[in-house]
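The following block contains a protein sequence and its predicted model.
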Amino acid sequence: MNITLIERNKLFYNKFCYRVVLKYLGIQFISNCKDLDHFKRKIKNAKSRPESHWYSVPKLTELNLELCEKLIEFYNKYSSNKEVTFLHDYGSLSVYTSNIDIMRELYNLDNKLEITQALPAPPDIMYFAKEPKFAYRVYLKGVRVNESLISDLRDFSKRYEYSHDIQVCTSLNDYVNSPRWTKRYYNYLSNNYYINYNDPSTLTLMHLLFNECLGKNYKLEKRP
């Protein structure tokens, strides 16, 4: 099989080792088809609908119907299987799994497929292409905020605004310094917010100030 290894901080969706992207003509009509006849009807109906972009709907004569039928069978076989996740995009269908035998099934349908395997970093290390400016990063949890927590985060952000050893990410700084957090749909922290720092004792300080919202901590390193 053609397997391309890529280095990532995490597995695909934090769960899957392998990914393959199917880009066959008509692939967007594969899902939820009972069989090949159903697939053909979907394409014909798509062409007949006025709202359809008729030029993006393939003709049946342009398709490899034998391959389409096998892909429909594959999709139906694994669409409810927790070992597999399908991601639909216009003109493509990505398949994710950690079971190499499932990838081999697809490869047997088309031996030109390129399968990608994720090589994740160790669980407590985050790699970068260049030398990172900070030694550590802690992410925040997606917890509900209140005035006290916002005040603690805002004070911390202002106190170290010009520090060379601590960096509050821009999105978190903007969030705590705006009234947005008071609104119903914005009163939760994003788990994408983070704080970079150099001194390990800074993490202890943050735990004392706002322990309830601290999440995963990483050591930052240049990729080997």
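Structure's in. What do you need? Numbering: from 1, shown residues only.

Leaving out chain neighbours, which residue sits closest to Leu220?
The shortest distance from Leu220 to any residue that is not its chain neighbour, by C-beta to C-beta, 6 or more residues apart in numbering, is 4.0 Å, and that residue is Pro132. Heads up, the C-betas are built off the backbone N, CA and C, glycines and all.

hmm, I was thinking of Pro224
Among residues not flanking Pro224 along the chain, Tyr127 sits closest, at 7.8 Å (C-beta to C-beta, 6+ apart).

can you check Asn191 too?
The spatially closest residue to Asn191, leaving aside those adjacent along the chain, is Gly142, at 4.3 Å (C-beta to C-beta, 6+ apart).

hmm, back to that, what about the residue nearest to Leu220, is that helix, strand or coil?
Remark: Pro132 carries the secondary structure label coil [criterion: DSSP: H, G, I helix; E, B strand; the rest coil].

Tell me the helices and strands packed up against the strand or helix carrying Lys40.
Taking DSSP states H and E as the definition, one finds Lys40 inside helix 36-48. Counting contacts by 3 or more C-beta pairs under 8 Å, 6 or more residues apart in numbering; DSSP states H and E, the secondary-structure elements packed against helix 36-48 are helix 65-78.

Lowest average confidence across helices and strands of this structure, where is it?
For the chain, the helix or strand with the lowest mean confidence is helix 36-48, at a mean of 87 (criterion: mean pLDDT, DSSP states H and E).

give me the low-pLDDT residue ranges for this protein?
Across the chain, the ranges flagged by pLDDT under 70 are 49-55, 184-185.

domain assignment for the chain?
Here the domain parsing of the chain from automatic domain parsing is 2-120, 125-222.
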